[in-house]
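Novice: Have a look at this prediction, sequence included:
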Amino acid sequence: MIHTMNYTPTYIKENLTLKNVKYSEWGSEETSNFQASIYFEGKKICFVKNDGRGGCNHYDFYKMKEGSRELFNELNSILKTEKVKTENFELDNDMDLVVDELLMNHLKVKDVKKILKKLVYIKGDTQKGAYFIAQKLKPTKEKISLLKKQSWWKDDYKILNEMPFDEAFKHLQA
């Protein structure tokens, strides 16, 4: 028996990661078409995949270390003690919901990295909230320096490309 009695759903979600993610947008119909490896506390516990035609994820323990399936089942049981609330209904949490959330976050991170390599993203603030300006420039130091010399430039603008990625990602998620 694996000793997971001190684990909470929050701890589990914070320590689960997806690696080797392969995603197919064109193959995704009712659910996401993907495959990945699931790691918990840095150790691979299984493979996961979904064919994208609806239904639950498929978890594969073939060639995994002994005890991986038992660990997965215990983690899933602990996750199910938590309720997930949406606007219209309440669900029992489970590994499928957590994996889907990890997958969506992985795809967002990938998209933001791609965008920040191609465009200069500028954030400005007003009393009504934040706004963004995207400049079709490769974000080099020289081009960013030229942008800051433009007549329309404001001193309170922030260039997301110059921020640490996690901070820029948070700004774009707000």
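Specialist: Structure's in. What do you need? Numbering: from 1, shown residues only.

Novice: All the strands of this protein, in order from the start?
Specialist: Remark: strands assigned in the chain by DSSP state E are 16-24, 33-40, 43-51, 58-60, 83-85, 90-92, 120-126, 129-135, 158-159.

Novice: Please produce JSON lines containing the ones you listed, extended by distance to residue 107.
Specialist: Yep, even glycine has a C-beta here, placed from its N, CA and C like the rest. Shown next, in JSON lines, are those (distance: least, CB to CB, whole Å):
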{"stretch": "strand 16-24", "distance to residue 107": "6"}
{"stretch": "strand 33-40", "distance to residue 107": "9"}
{"stretch": "strand 43-51", "distance to residue 107": "14"}
{"stretch": "strand 58-60", "distance to residue 107": "19"}
{"stretch": "strand 83-85", "distance to residue 107": "20"}
{"stretch": "strand 90-92", "distance to residue 107": "21"}
{"stretch": "strand 120-126", "distance to residue 107": "18"}
{"stretch": "strand 129-135", "distance to residue 107": "20"}
{"stretch": "strand 158-159", "distance to residue 107": "24"}
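
Novice: right, so of those, which gets closest to residue 111?
Specialist: Closest approach to residue 111 among the strands of the chain (CB to CB): strand 16-24, 11.2 Å.

Novice: In a markdown table, list the strands of the chain along with mean pLDDT.
Specialist: As requested, the strands of the chain are arranged in a markdown table below (pLDDT from 0 to 100):
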| stretch | mean pLDDT |
| --- | --- |
| strand 16-24 | 97 |
| strand 33-40 | 96 |
| strand 43-51 | 96 |
| strand 58-60 | 96 |
| strand 83-85 | 87 |
| strand 90-92 | 87 |
| strand 120-126 | 87 |
| strand 129-135 | 86 |
| strand 158-159 | 92 |
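
Novice: Can you tell me what sits against stretch 26-39?
Specialist: 16-25, 44-55, 59, 72, 99-100, 103-104 (CB atoms under 8 Å, 6 or more residues apart in numbering).

Novice: Give me the buried entries from these.
Specialist: 16, 18, 23, 44-48, 50-52, 59, 72, 99, 103 (16 or more other CB atoms under 10 Å).

Novice: So for residue 133, what's the nearest residue that isn't a sequence neighbour?
Specialist: residue 122 (4.3 Å; CB to CB, 6 or more residues apart in numbering).

Novice: Correct me if wrong: residue 121 contacts residue 162.
Specialist: No - taking contacts as CB atoms under 8 Å, residue 121 lies outside contact range of residue 162: 9.8 Å.

Novice: and those two? which has more neighbours close in?
Specialist: Counted by other CB atoms under 10 Å, residue 121 and residue 162 do not tie: residue 121 has more neighbours, with 22 against 13.
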